[in-house]
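S.K.: Please find the sequence and the predicted model below.
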Protein chains: 2
Amino acid sequence: MTERLDIVGIGNAIVDVIAPVDDAFLAANGVTKGVMTLIDRPRAAELYAAMPPAREVSGGSGANTIAGAAALGCRAGFIGKVKGDQLGRIFAHDIRAAGVNYAGPVVNGEAAEETARSLILVSPDGERSMNTYLGISTTLHAADIDEAMLERADWLYLEGYLFDTPEAKAAYARAIAAVRRGGGKVALTCSDPFCIDRHRADFRRLIAEEVDLLFANRDEALSLIETDSLEIALGVLSREVAIAAVTLSGDGAVIVRGKSRTAVPAQGVDVVDTTGAGDLFASGFMAGLIRGHDDRKAAHMGCIAAGEIISHYGARPETDLAELMARNNL
Amino acid sequence: MTERLDIVGIGNAIVDVIAPVDDAFLAANGVTKGVMTLIDRPRAAELYAAMPPAREVSGGSGANTIAGAAALGCRAGFIGKVKGDQLGRIFAHDIRAAGVNYAGPVVNGEAAEETARSLILVSPDGERSMNTYLGISTTLHAADIDEAMLERADWLYLEGYLFDTPEAKAAYARAIAAVRRGGGKVALTCSDPFCIDRHRADFRRLIAEEVDLLFANRDEALSLIETDSLEIALGVLSREVAIAAVTLSGDGAVIVRGKSRTAVPAQGVDVVDTTGAGDLFASGFMAGLIRGHDDRKAAHMGCIAAGEIISHYGARPETDLAELMARNNL
């Protein structure tokens, strides 16, 4: 237990339920395209009943990033709450089989909520609309944080979505304190522009006080800084956080590190399902930093990992990411 | 409830757990390549723990055929036993969302076995090795047969795999009697050469006495007739069953109807996962017969449906089969 870990993530432990639909289905079922909407149990049942046949693949934004980092050779751990039900066992199997240290927490008992799931509706253009029933994962609290594991971690990776759960802020504070005690750093991903809207003040304070590396896409960066100008957003971020990695969909990504900026292009791939694009960019970028690469090379790794994930349904890699990087001399 | 149904299937209600592996994994874990092996619960847990990250897709041979037939416009029903657990809800959702009448049976209660699952290991050549834990589906018995639904059916579609469950033969007898009362016919698929080995005498008797349409692949036809010669097997089948549809992998299929033979070529596709190829051939062929097509046209529909299913992971269609047929003027 004294060996260091490269990265430990904390996030919602979710199984994705993925089906292709047309945009008329989204309209008829009141789904907002392209974002993550939190839904309750009755709504989850109603929307699932309306959905086409689906496939189930482990998901969860932070868990996707950590699974991807492990696939790229990082020594990784993850903390996220499941029930000991069939979906919980699927989540646990998949993340462990990806090489991640994962011990739950797992909650048992009839009364407990079920493992979280996200009903992901993929439009013909590859855009995904996520409808997430958080179930048991809303109950992650400070007592669930494995401080010993975090003290061994060089990086803590936090998912913005966890701000939606009332207990999680205290859990985050405990996790950050533990990783700091061990000399580690803190990365945060913004998760979703609507998630930022729900928690902007908390996000800004956390970023300014605790975050060493921030991930955001264009919409999230604009929402966070409350501006319409990417240039203004990047300028503010350059002063508020040591490294900001901003993804720009088809335009690749830009890494802002103080006064330095590094832009890299996206990979040209046929888009099937954009779910997990940002998550896997973070996997590749962090794996690159952990290997000691410069921002350009690390961001290139991020773009390649993101390109793999959007070429198929589901947000976990289907090809050997390490081999894919090797083929690209990374 | 007086409307006729085109086809009602009976089979194991299974959720597939699918992961790509190399052949060394099969050897190291004692898996026999290319066939279906029945496994118990401890073996299922052991093999699952060794498996890479997986995806879950509804399966079950007969259920795949019926879901495919429904996708091709057939009015369809299915009978197969699940537990009211998360996998059971996934199976029920997916088959209903495919347009199939499905009422379970669903068994509840802590003590009941879980919903069946098949751990499907897909080799780089696309060949699948299935390891099936039958769970609750072994308890399908005669009392579970919805005779009223079967009396409305033009075709009953039976899965050979159900012979592996002790109660199922009585269930089959009741189902056959019900469909005969309503003027319907009986189709049977051989499922697997090892399944035939386990139950050859029962298969032969059922075929001679009750089956109007038999599906087999080359290995199954040879095993059934206990010969090394496909020519001999086809000759025997031509005398024992009204229609035999024999699939020949990359060589397409041959339909034997008395003295008439109709050969059709396979579709040229990139093989990802052969799981469900035979099941979907049966969907297409039966949908063709139900539409009133001749054997050539119906077998062509079978080959196109099989070609779709082997081009991706999982044994349920991912593209609109009806549209695919229309593009091929079928």
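M.R.: On my side now, so go ahead.

S.K.: okay, CA-based contacts and neighbour counts for the rest of this
M.R.: Fine.

S.K.: can you list the weak-confidence ranges in the stretch 1-150 of chain A?
M.R.: A:1-2 (pLDDT under 70).

S.K.: Check the stretch 201-330 of chain A too.
M.R.: Checking the stretch 201-330 of chain A against pLDDT under 70 turns up nothing.

S.K.: Helices of that one, start to end?
M.R.: Taking DSSP state H, counting those that start in this stretch, the helices of the stretch 201-330 of chain A run over residues A:218-225, A:230-240, A:277-291, A:295-309, A:321-327.

S.K.: And for the stretch 51-200 of chain A?
M.R.: So, for the stretch 51-200 of chain A - with DSSP H, counting those that start in this stretch - the helices run A:61-71, A:86-97, A:147-151, A:168-181, A:193-210.

S.K.: Give me the contacts around the first one.
M.R.: What that stands for is helix A:61-71. With contacts defined as C-alpha atoms under 8 Å, 6 or more residues apart in numbering or on different chains, helix A:61-71 is touched by A:7-13, A:76-78, A:95, A:98-100, A:157-159, A:191, A:276, A:279-284, A:286-287, A:305, A:315-317, A:320-322.

S.K.: ok, back up a step: hey, which of the helices of the stretch 51-200 of chain A is tucked in deepest?
M.R.: When you average the neighbours per residue for each of these (mean count of other C-alpha atoms under 10 Å in any protein chain shown), helix A:61-71 leads with a mean of 30.

S.K.: Go ahead and produce CSV holding the CA coordinates of that one.
M.R.: C-alpha atoms of helix A:61-71 as CSV (Å, rounded to 0.1, in the frame of the first residue of the first chain):
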residue,chain,number,x,y,z
SER,A,61,-17.6,11.0,-16.6
GLY,A,62,-14.8,10.7,-14.1
ALA,A,63,-14.8,6.9,-14.2
ASN,A,64,-14.5,7.1,-18.0
THR,A,65,-11.4,9.4,-17.6
ILE,A,66,-9.8,7.1,-15.1
ALA,A,67,-10.5,3.9,-17.1
GLY,A,68,-8.9,5.6,-20.1
ALA,A,69,-5.9,6.8,-18.1
ALA,A,70,-5.4,3.2,-16.8
ALA,A,71,-5.6,1.9,-20.4
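
S.K.: Any figure for the gap between A:Leu72 and A:Leu330?
M.R.: Noted for A:Leu72: a distance of 11 Å to A:Leu330, by C-alpha to C-alpha, to the nearest Å.

S.K.: quick one, which of the two is more surrounded?
M.R.: Higher neighbour count among A:Leu72 and A:Leu330: A:Leu72, with 23 against 15, using other C-alpha atoms under 10 Å in any protein chain shown.

S.K.: In contact with the more buried one, which residues are there?
M.R.: A:Ser283, A:Gly284, A:Ala287, A:Leu321, A:Ala322.

S.K.: Near chain B, which residues of chain A are found?
M.R.: A:48-58, A:85-87, A:93-95, A:97-98 (C-alpha under 8 Å from any C-alpha of the partner chain).

S.K.: does A:Lys33 really touch A:Ser129, like I thought?
M.R.: Yes: the pair A:Lys33 / A:Ser129 is scored as a contact, 5.0 Å apart, by C-alpha atoms under 8 Å.

S.K.: quick revisit: may I see the helices of the stretch 201-330 of chain A arranged in TSV, with distance to B:Leu214 as well?
M.R.: Converted to TSV, the helices of the stretch 201-330 of chain A look like this (distance: least, C-alpha to C-alpha, whole Å):
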stretch	distance to B:Leu214
helix A:218-225	58
helix A:230-240	65
helix A:277-291	47
helix A:295-309	42
helix A:321-327	45
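
S.K.: possible to save the ones you listed as TSV with mean neighbour count?
M.R.: Shown next, in TSV, are those (neighbours: other C-alpha atoms under 10 Å in any protein chain shown):
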stretch	mean neighbour count
helix A:218-225	21
helix A:230-240	17
helix A:277-291	26
helix A:295-309	26
helix A:321-327	15
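
S.K.: tell me the SS of A:Thr32?
M.R.: coil (DSSP: H, G, I helix; E, B strand; the rest coil).

S.K.: What count of nearby residues applies to it?
M.R.: 14.

S.K.: Roughly how far does it sit from A:Ala45?
M.R.: 17 Å.

S.K.: for A:Leu162, same thing?
M.R.: 23 Å.

S.K.: Distance check, the spatially most central residue of chain A against chain B.
M.R.: In chain A, the residue lying closest to the centroid (C-alpha atoms, centre = their mean) is A:Ser61, at 2.7 Å. Computed as C-alpha to the nearest C-alpha, to the nearest Å, the A:Ser61 to chain B distance reads 16 Å.

S.K.: next one: A:Val236
M.R.: Taking C-alpha to the nearest C-alpha, one finds A:Val236 at 40 Å from chain B.

S.K.: what sits against that residue?
M.R.: Taking C-alpha under 8 Å, 6+ apart, one finds A:Ile225 in contact with A:Val236.

S.K.: For chain A, list the residue farthest from the centre, please.
M.R.: Per C-alpha atoms, centre = their mean, the most distant residue from the centre of chain A is A:Glu110 (29.4 Å).

S.K.: Please list all residues in contact with the residue in the stretch 151-300 of chain A that chain B sits nearest to.
M.R.: When scored by C-alpha to the nearest C-alpha, the stretch 151-300 of chain A has A:Val272 as its residue closest to chain B, at 12.3 Å. Contact analysis of A:Val272 by C-alpha under 8 Å, 6+ apart lists A:Pro124, A:Asp125, A:Gly126, A:Ile310, A:Ser311, A:His312, A:Tyr313.

S.K.: give me every residue that touches the nearest residue to the first one once chain neighbours are set aside.
M.R.: Translated: A:Pro124. Nearest non-adjacent residue to A:Pro124, counting by C-alpha to C-alpha, 6 or more residues apart in numbering or on different chains: A:Asp22, 6.3 Å away. Going by C-alpha under 8 Å, 6+ apart, A:Asp22 touches A:Val122, A:Ser123, A:Pro124.

S.K.: now, among those, which is nearest to B:Glu167?
M.R.: Nearest to B:Glu167, judged by C-alpha to C-alpha, of these is A:Val122 at 41.6 Å.

S.K.: And the closest one, how far from A:Ile90?
M.R.: 22 Å.

S.K.: With only the CA atoms kept, save stretch A:247-261 in CSV.
M.R.: Once non-C-alpha atoms are left out, stretch A:247-261 reads as follows in CSV (Å, rounded to 0.1, in the frame of the first residue of the first chain):
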residue,chain,number,x,y,z
THR,A,247,-11.6,21.4,-25.8
LEU,A,248,-13.2,22.9,-28.9
SER,A,249,-15.0,19.9,-30.5
GLY,A,250,-14.0,19.7,-34.2
ASP,A,251,-11.4,22.4,-33.6
GLY,A,252,-9.3,20.4,-31.2
ALA,A,253,-8.1,21.8,-28.0
VAL,A,254,-6.1,24.7,-26.5
ILE,A,255,-3.9,24.4,-23.4
VAL,A,256,-3.5,27.6,-21.4
ARG,A,257,-0.6,27.6,-19.0
GLY,A,258,0.0,31.2,-17.7
LYS,A,259,1.0,33.2,-20.7
SER,A,260,1.7,30.2,-22.8
ARG,A,261,-1.0,28.7,-25.2
